[in-house]
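Trainee: Give me a 3D structure for the following:
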Amino acid sequence: MTRLELRNLVISNLGNRTDKNAVINAALEEGLKQSARLHFFRSLVSESDVAIIADSAYIDLPATAYQLLEVRLINGTSSYPIVVKTKKWLVDRWANIADHAAGRPVYGYIENSDLFLYPISDGSYTVRITVTTAPTFSSSDATENPIPVLDMALVCFATAFVMRSIQMFEYAAPWDLEYGKLFTGAKLGDKKGPEVMKLQPFSSKAVEEDPNLSRDADTGVITGTLIF
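Mentor: Next up is the predicted model:
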């Protein structure tokens with residue numbers, strides 16, 4: 001449905017009040033964002049490939065990225081996920097990343113809209129970035145819902161949102177409950193989305209235990225090939 005069609009349904013739920021259009025539009029936008037934070041809907045998943053060369057220290061994340069699902073380094077016919085950690089986690093282990101020897105990137109951290117790599121690239125590779133895009137109606141009544149399975153759930157969310165804004169809390173509660181039910185059904189209909197792409201917790205102990213990887217005792221540089 002378009003934003004206009006969704007808004008008209010909300011207006012009907014409000015007893016045909018037509019003086020809350022701006023609030024309804026804001027509610028529909030907020031419903032999209034909250035729902036996208038709770039589940040990786042397949043209609044929002046996007047992949048892009050970025051070429052890196054020797055001495056590449058970072059790459060730009062897609063401008064429309066909302067949540068980062070996976071970063072994968074591709075080298076010919078082999079590939080492995082780049083483990084995304086916090087900057088503090090990396091700096092605690094390698095204080096000055098630029099001073100370490102180049103290699104195939106194994107780790108990364110996000111700063112602003114850039115993904116910094118460690119180690120700095122020693123050659124030409126492809127980095128595949130999988131993200132969810134930011135869902136929005138783009139301030140246009142003609143825009144289709146970017147998460148189609150959520151049409152009726154968004155109507156309920158927006159109805160409850162507007163009722164709370166005018167202090168009708170008792171009337172909002174049933175619509176909140178209905179939103180929860182419809183959201184759960186939408187997740188099931190979405191087949192739980194791309195769960196295999198979620199970032200997994202990672203322990204540096206895995207490097208020491210992996211027979212395909214080794215860490216230099218002096219520099220901390222990791223060499224070898226990750227096998228999955």
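
Trainee: Could you use CA atoms for every contact and neighbour count after this?
Mentor: Noted.

Trainee: On the pLDDT front, check the residue positioned nearest the centre of the chain for me.
Mentor: Centroid-nearest residue in the chain, with CA atoms, centre = their mean: Gln67, separated by 1.6 Å. Note on Gln67: pLDDT of 88.

Trainee: give me the beta-bridge partners of it?
Mentor: Note on Gln67: beta-bridge partners by DSSP bridges are Thr132.

Trainee: That one: what's it in contact with?
Mentor: Contacts for Gln67 (CA atoms under 8 Å, 6 or more residues apart in numbering) come out as Val131, Thr132, Thr133, Ala134.

Trainee: got TSV for these, with neighbour count, distance to Thr143 and pLDDT too?
Mentor: Output for the contacts of Gln67, formatted as TSV (neighbours: other CA atoms under 10 Å; distance: CA to CA, whole Å; pLDDT from 0 to 100):
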residue	neighbour count	distance to Thr143	pLDDT
Val131	24	21	92
Thr132	22	18	90
Thr133	22	15	90
Ala134	17	14	88
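
Trainee: which helices and strands does the lengthiest helix in the chain pack with?
Mentor: Identified as the longest helix of the chain according to DSSP state H is helix 169-189. Secondary-structure packing of helix 169-189 (3 or more CA pairs under 8 Å, 6 or more residues apart in numbering; DSSP states H and E): helix 151-165.

Trainee: just how off-centre is the host helix or strand of Ala51 within its chain?
Mentor: Under the criterion of DSSP states H and E, Ala51 resides in strand 45-52. Here the centre of strand 45-52 is set off from its chain's centre by 14 Å, with CA atoms, centre = their mean, to the nearest Å.

Trainee: Equivalent analysis for stretch 120-140, please.
Mentor: The chain centre lies 9 Å from the centre of stretch 120-140; the measure is CA atoms, centre = their mean.

Trainee: can you pull the pLDDT of Phe40?
Mentor: 88.

Trainee: my bad, Lys187
Mentor: Taking Lys187 on its own, its pLDDT is 90.

Trainee: Would you agree it is in contact with His39?
Mentor: Yes. In terms of CA atoms under 8 Å, Lys187 counts as a neighbour of His39; the distance is 7.3 Å.

Trainee: Contacts for the longest helix of the chain, please.
Mentor: By CA under 8 Å, 6+ apart, helix 169-189 touches 35, 39, 41, 149-150, 152-154, 156-157, 159-161, 163-164, 193.

Trainee: That helix relative to helix 151-165, how many degrees between them?
Mentor: 160 degrees (axes from the mean of the first three to the mean of the last three CA atoms, to 10 degrees).

Trainee: in helix 169-189, what's buried?
Mentor: By 16 or more other CA atoms under 10 Å, the buried positions in helix 169-189 come out as Ala172, Trp175, Asp176, Glu178, Tyr179, Leu182, Phe183, Thr184, Ala186, Lys187.

Trainee: With respect to Ser12, which of these is nearest?
Mentor: Nearest to Ser12 among the buried residues of helix 169-189 is Trp175, at 13.4 Å by CA to CA.

Trainee: tell me the strands in this structure, going along the chain?
Mentor: With strands called from DSSP state E, the chain shows them at 45-52, 58-60, 65-75, 78-81, 83-84, 107-111, 114-118, 125-133, 213-215, 222-224.

Trainee: Could you give me the buried positions within the first one?
Mentor: Judged by neighbour count (16+ other CA under 10 Å), strand 45-52 contains these buried residues: Val45, Ile52.

Trainee: who are the neighbours of it, in terms of helices and strands?
Mentor: By 3+ CA pairs under 8 Å, 6+ apart, strand 45-52 packs against strand 125-133.

Trainee: I'm done for today, thanks for sticking with me.
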